[in-house]
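Asks: Structural data only, the sequence is not supplied:
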């Protein structure tokens, strides 16, 4: 069990009083790269929100990064998110400060105190995502691909066990998308498991991984997809 980082058993996912997904059973191991696919409205984002604590687990049992989702409280959510890296499609960078200061803000918000340690960690993650010389840049001075690399660097700051990525290539052209996918696959081999929601079947065919499909209020594992 020590190798399992996400474990959902007989889980139902609700948005308010609306049942979105039911009888969800998922196990994801350390170091795995897993795709989450399905049509718009099929429950992909709701499932991710349940995993990072925006939606509370009301039915079934689940754990992620050693947190019991069925017992999660509002006060525990920030501690859970320190063990996760969350990558959104729309970047959500702070536009009024540099790349370095965006990352510094996250470290401060998650309890880091020592300035030298913070500077060292920021430089480490920027180097890891190929932006070692871009820390002084403002977000608007970066390309879309570079901004997404900053988002991934931000997700890596606290050395997460799991990266949850919601359509991380949705706003990027194919070549830049491939660069981001290479980076995420590298991360899954060395740093953290990756669960990635996507509509882009080209990417799945080019960068194979396990595939979970949201369909008909459920989640099932499939062996392949057709473009």
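Replies: Structure's in. What do you need? Note that this is a predicted model, so its numbers are computed, not measured.
Asks: Okay, residue 87 and residue 224: tell me how far apart.
Replies: Distance, residue 87 to residue 224, using CB to CB, to the nearest Å: 25 Å. Where you see a C-beta, it was placed from the backbone N, CA and C, and this is true even at glycine.
Asks: Show me which of these two is the more surrounded one.
Replies: Shown here are residue 87 and residue 224; by other CB atoms under 10 Å, residue 87 has more neighbours (23 against 8).
Asks: roughly how far apart are that one and residue 75?
Replies: From residue 87 over to residue 75 the distance is 25 Å, taken as CB to CB.
Asks: Identify the residues contacting residue 218.
Replies: Shown in contact with residue 218 (CB atoms under 8 Å, 6 or more residues apart in numbering): 21, 22, 23, 24.
Asks: and it, bridged to which residues?
Replies: residue 215 (DSSP bridges).
Asks: Give me the below-cutoff pLDDT ranges for this protein.
Replies: Across the chain, the ranges flagged by pLDDT under 70 are 1-2, 191, 226-227.
Asks: Out of the contacts of residue 218, which sit inside strands?
Replies: Among these, DSSP state E puts 21, 22, 23, 24 in strands.
Asks: Now do the second one against residue 44, distance only.
Replies: Noted for residue 22: a distance of 15 Å to residue 44, by CB to CB.
Asks: which of the two has more neighbours?
Replies: residue 44 (25 against 17).
Asks: Leaving aside the residues adjacent along the chain, what's closest to that one?
Replies: residue 197 (4.2 Å; CB to CB, 6 or more residues apart in numbering).
Asks: Tell me which helix or strand comes right after the lengthiest helix in the chain.
Replies: Using DSSP state H, we find that the single longest helix of the chain is helix 174-190. Scanning forward in sequence from helix 174-190 by DSSP states H and E, the next helix or strand is strand 193-197.
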